[in-house]
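In: how does the following fold in three dimensions:
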Amino acid sequence: MKLKVKTLDAKAKGDIDLNDDVFGIEARADILHRVVNWQRENARGTARAVRERGDVARTGKKFGNQKGGGTARHGSRRAPIFIGGGKAHGPRKRDFNPSLNKKVRALGLKMALSDKAKNDNLVILENLDIKEAKTQLLIADIAKLGFGKSALVMDGDAVNDAFTKASSNIPRLNVMPAAGANVYDILNHETLVLTRAAVEKLEARFNG
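Out: The predicted structure is shown next:
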């Protein structure tokens, strides 16, 4: 697959050949659904569990007479009514522990990238170098490139600092290095923007 490469000011900068094994496969809704669910489940926080009656380290020996003590009958210091006893009906740990085969995860990411390329929602830039970290200047450049309502921008090992600062106040424009590429973020934005360096990193990630 061959796409046009542009600069940030929307000038042509040649072509780039995209690997069809990464950007040219047919997307499947069931695979994408599984990967997104796996990501969202991993992001869920779990409640901090308390120690219940069976978890505290106290004796279970009967500590008083059955009769004659003048108090209620008790058989364990681990009961919730005693200091140091277990917590009654406290929060329990809910570890969802989702698992998904690595090959399915990799396939899902390829499908997400291919879906953007197939539907003309993929923009390739030469780099993200800008002279000044000015938000208004960057907004004008984005308008020329046609990023749509939302865009996810990926660079190589690290994102240009000036571009990161200029884009931080632009709504629905998110930036990340190629190492952070994931299915949920790609599908959650209308346009995917990759630099040449990002394309090289993504292709090397699957071919390595």
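In: residue ranges of the strands in the protein, please?
Out: Using DSSP state E, the strands of the chain run over residues 2-6, 12-17, 122-125, 151-155, 173-177, 191-195.
In: and the nearest residue to F147 once chain neighbours are set aside, how many neighbours?
Out: Leaving aside its sequence neighbours, F147 sits nearest to T191 (Cβ to Cβ, 6 or more residues apart in numbering; 4.9 Å). C-betas here are computed from N, CA, C, even on glycine. T191 is flanked by 22 other residues according to other Cβ atoms under 10 Å.
In: quickly list what T191 is bridged to.
Out: On the basis of DSSP bridges, T191 is bridged to A151.
In: against T59, how distant is it?
Out: Look at T191 and T59: by Cβ to Cβ, to the nearest Å, they are 65 Å apart.
In: who's in contact with the residue nearest to F147?
Out: 116, 121-123, 146-148, 150-152 (Cβ atoms under 8 Å, 6 or more residues apart in numbering).
In: over to F206?
Out: F206 makes contact with 19, 21-22, 106, 110 under the criterion Cβ under 8 Å, 6+ apart.
In: distance check, L128 against A181.
Out: Look at L128 and A181: by Cβ to Cβ, they are 16 Å apart.
In: neighbour-wise, which of the two wins?
Out: A side-by-side neighbour count of L128 and A181, using other Cβ under 10 Å, places L128 first with 24 against 20.
In: roughly how far apart are N19 and N207?
Out: Separation of N19 from N207 (Cβ to Cβ): 7 Å.
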